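In: This is the structure alone, sequence omitted:
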């Protein structure tokens, strides 16, 4: 079972399928073979890096959206002010 789990986990990392990664982590089998355990640890660390990277990208995109929103709000306020004068 653990070999199949490792393969599924690798595929989820490659596909950046975060839902599948979460599901596989919840269903992680007991691994008794030291080589498979090392592989699992390595893959889990790789998934942590991937998630951290995605979080950084999301944070940057949210900041860009906030800047755009502030710009639009400022432009709308200025436009409303000049029309009322």
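Out: Perfect, thanks for sending it. The structure displayed is predicted, hence computed values, not measured ones.

In: Please count neighbours and contacts with C-alpha atoms only from this point.
Out: OK.

In: what pLDDT, on average, does the helix ranked longest in the chain get?
Out: In the chain, taking DSSP state H as the definition, the longest helix is helix 34-84. Per-region confidence: helix 34-84 scores 89 on mean pLDDT.

In: helices or strands up against it?
Out: On a contact count with 3 or more CA pairs under 8 Å, 6 or more residues apart in numbering; DSSP states H and E, helix 34-84 meets helix 2-15.

In: can you list contacts of the helix it packs on?
Out: For helix 2-15, contacts defined as CA atoms under 8 Å, 6 or more residues apart in numbering pick out 18, 20-21, 24, 28-31, 36, 39-40, 43, 46-47, 50.

In: which element follows that helix toward the C-terminus?
Out: Following helix 2-15 in sequence order, the next helix or strand is helix 18-26 (DSSP states H and E).

In: okay, the angle between that next one and helix 34-84?
Out: 140 degrees (axes from the mean of the first three to the mean of the last three CA atoms, to 10 degrees).

In: what angle do helix 18-26 and helix 2-15 make?
Out: Using the same axes, to 10 degrees, helix 18-26 lies at 160 degrees relative to helix 2-15.

In: Summarise which helices and strands helix 18-26 is packed against.
Out: helix 2-15.

In: rerun that using 10 Å as the cut-off
Out: Contact here means 3 or more CA pairs under 10 Å, 6 or more residues apart in numbering; DSSP states H and E; on that basis helix 18-26 packs against helix 2-15, helix 34-84.

In: for the record, mean pLDDT for that helix?
Out: 96.

In: from the chain's centre, how far out does it sit?
Out: In terms of CA atoms, centre = their mean, to the nearest Å, the centre of helix 18-26 is set 12 Å apart from its chain centre.

In: Just give the nearest non-adjacent residue to residue 18, would you?
Out: residue 12 (7.2 Å; CA to CA, 6 or more residues apart in numbering).

In: Cool, thanks, talk later.
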